[in-house]
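Engineer: fold the following and give me the result.
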Amino acid sequence: MKKRSSLKHVLILLLCFTMLVITGCSDKETTNDEAKLSFEPGTYTAEIDGNNGPITVEVTFSADKIEQVNIVEHFETEGLGDEAMETIASLIVDEQSLDVDTVTGATVASDAVLQAVEDAVTQANGNILALKNDQSEKETEALEADVVVIGAGTSGTSAAISAADQGAKVILIEKTGVIGGASNYSWAGKFYNSSISLENDLEIDVEAEISDWIENNHWRVDASVIREYVTKSGETYDWLKEKGYETSFLNYSDEPLHVLPPYEEREGLLRTMLANSVEKNEGQIITETTAKELITDKDGNVVGVIAEKKDGTTLEINANSVVMATGGYAGNPEMVKEHFEFEGPNGGLSQNVGEGLHMAWDAGAKVPINLGGQMLHQTLARATHDLKTDYESFQASYPLMLTYLPNFMNVGPSGARFRDEEATLTAVAAANTSAFQGAYHYVILSKTQIDKLTADGMSGVQAPKLPGMPPEFYADFADQFTLETPWNDAQEVFDKMVENGDGFKGDTIEALAKNAGMDVKLFTDTFTLYEEATQTGLDTEFGKSEDYLLSYDEGPYYAITAEVNNLGSVGGLVINKNFQVLDDNRIPIKGLYAVGLESEGVMFNDTYVGNGVGVGYAFTSGRLGGEHAATDALDSNN
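Structural biologist: Coordinates of the predicted model:
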């Protein structure tokens, strides 16, 4: 196995030696005052805003030490934000420092704890400068493995487990402190013709499925990769079940969806699976460690990874195979805008900023011709977050629920209507039609309609069914989530939405258009034409069903600002059916593999349209890709 040239390292060492001579072998000078830790003993309380609400922290000091940091109250996500806060609290005490790295993937919660402890230090008349003064020396550590997997989300974890099961020594590195990635928030995966699906009499004609898939994507896909997923995903269900990660079957309009275990159990199950395979075979799981560069030899083969741990230690990991499972770039708004012209919110993981793709491209991987595809899914209302400050969750979700109903006119930022609003009944259709016309859209309603909602709930505006929101959106008000539940204080809620800047109001249509920044004439003409359709029952613009044409009648009128949730980028690397990454000539780069979102673009023309495919493909591509990576790595050792 060959490494990259070490000339750069030699030059760096020479430069460091010269600087040490000049500075008297000291890289940082501190005064005694800066280094001294002293506090007024006692327990101090601090409160700071977190991601989902206030976080209350109690810090106990002795005369010269932080004795304890307790998270008293918080509203962060179970299994992610809460664990991140406990991690930060422990680090502060263990290292007697505020210069600790936040837990990537839960940065807001991590920062909140650090800020709260800093507040408590101030209350205790402590020396904040001394607590932030990091004088530790960073080291380089060399490791060896058969397979390195970068990213411990669904696909990366599956790849690591699968590779270890083939007998490979695996090192799995993850930039956050969390195992499972986006699967910790997902709902269900699609596994075709799994044993449980067949037991429930749902058998999919896989040849017809593959044929339709290819045609629906205008043939601009790799049919061999689609075939690998469709024909082998059913085996993934049994593989997961055998390892203790059980999913439950759901016939979702003749689609074979497999609902993941309870949210709070998922990470623990994956960690157990890793312990029983990767760690049992002398491998390692190294979290809070970010891959920085792929190591290549003189022939361009990938032979390892350079990574950096949270304490600054550099890892140089030599391996025969490297699997990219880095989760895409949806957390990088500049990159999303550059490649997809999308400016909506990122509903995925903020740590997915695209460095994995850049590492692979730098190592010679081909940039795909369809780079830019995104996994656009749910519709969001900007108002929801701020309304929860003043109202219970059901009331705060009034604007959100209306974005999922076909009974209201939808217009773009210009004021022009852009779709048959029946598209709101299908998540992917709703998301993509909205994103195609701009960064956001408006849902228009009137005082007349608000009065109907107040009196009779959604049945009062002839809603055909409950809004098709993900279950987690209404989990805390499921008992009120019916068509008949009256919308108490609806007028007040929508006025508060406007006050918060998350929507607009006008006593007339012209005033609403002006206040919302729409073209007044364009919106007025659009509204007039729509009102005519509600009277005649004939929508000449988009052919909307008469069943969904609801008259606006009297104002005032409101515009709800609605946005599309981007769950993740789709693709960025070109692979073959063995999940090998291809170069510009579409030839496999020896030693380099890709699974999960980074590789998924070869199955879609421009953007994701699969219900459950994201999770199902992540598990399946990881399982299969890990096998191939391990087989090739072990063959290289022989």
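Engineer: what score does the closest residue to residue 557 other than its chain neighbours have for pLDDT?
Structural biologist: Distances taken as C-beta to C-beta, 6 or more residues apart in numbering place residue 512 nearest to residue 557, at 4.6 Å, with adjacent residues excluded. (C-beta placed from N, C-alpha, C; glycine too.) Looking at residue 512, its pLDDT stands at 98.
Engineer: was I right to think residue 512 contacts residue 552?
Structural biologist: No: taking contacts as C-beta atoms under 8 Å, residue 512 lies outside contact range of residue 552: 10.7 Å.
Engineer: who has more neighbours, those two?
Structural biologist: residue 512 (26 against 19; other C-beta atoms under 10 Å).
Engineer: that one belongs to a helix?
Structural biologist: Yes: Residue 512 sits within a helix when classified using DSSP: H, G, I helix; E, B strand; the rest coil.
Engineer: residue contacts, it?
Structural biologist: By C-beta atoms under 8 Å, 6 or more residues apart in numbering, residue 512 lies in contact with 444, 504-506, 518, 523, 555-559.
Engineer: can you give me the distance of it to residue 548?
Structural biologist: 21 Å (C-beta to C-beta, to the nearest Å).
Engineer: next one: residue 149
Structural biologist: Residue 149 is 48 Å from residue 548, by C-beta to C-beta.
Engineer: what sits against residue 593?
Structural biologist: Shown in contact with residue 593 (C-beta under 8 Å, 6+ apart): 159, 321-324, 575, 578-581, 625, 628-629.
Engineer: show the end-to-end separation of stretch 53-66, please.
Structural biologist: End-to-end distance for stretch 53-66: 26 Å, by C-alpha to C-alpha, to the nearest Å.
Engineer: what's that stretch in contact with?
Structural biologist: 37-49, 67-76, 85, 89, 92-93, 96, 109, 112-113, 116-117, 120-121, 124, 126.
Engineer: element containing residue 566?
Structural biologist: Using DSSP states H and E, residue 566 maps to strand 557-569.
Engineer: now do that strand: which elements does it pack against?
Structural biologist: When contacts are defined as 3 or more C-beta pairs under 8 Å, 6 or more residues apart in numbering; DSSP states H and E, strand 557-569 packs onto helix 333-340, strand 374-381, helix 427-437, strand 441-446, helix 490-499, strand 503-506, helix 509-516.
Engineer: is it correct that residue 143 falls within a strand?
Structural biologist: Yes: remark: residue 143 belongs to a strand, assigned using three-state DSSP.
Engineer: hmm, residue 173 and it touching each other?
Structural biologist: No: judged on C-beta under 8 Å, residue 143 makes no contact with residue 173 at a distance of 9.8 Å.
Engineer: got any ranges where this protein has weak pLDDT?
Structural biologist: Within the chain, the stretches with pLDDT under 70 are 1-36, 51-52, 77-81, 102-107, 133-138.
Engineer: swap the cut-off to 80 and go again
Structural biologist: Residues of the chain that meet the criterion pLDDT under 80 lie in 1-36, 49-53, 75-83, 100-109, 128-130, 132-138, 638.
Engineer: ok so, going back, which one of the helices and strands packed on strand 557-569 lies nearest to residue 290?
Structural biologist: Among the helices and strands packed on strand 557-569, helix 333-340 comes nearest to residue 290, with 17.0 Å by C-beta to C-beta.
Engineer: distance from the closest one to the middle of the chain?
Structural biologist: Chain-centre distance of helix 333-340: 16 Å, with C-alpha atoms, centre = their mean, to the nearest Å.
Engineer: and the next helix or strand after it, what's buried?
Structural biologist: The helix or strand immediately downstream of helix 333-340 is helix 355-362, counting by DSSP H and E. By neighbour count on 16 or more other C-beta atoms under 10 Å, the buried set for helix 355-362 is 355-360.
Engineer: tell me which residues are up against helix 355-362.
Structural biologist: Contacts of helix 355-362 (C-beta under 8 Å, 6+ apart): 150-151, 290-294, 324-329, 367, 572-573, 581, 592, 594, 598.
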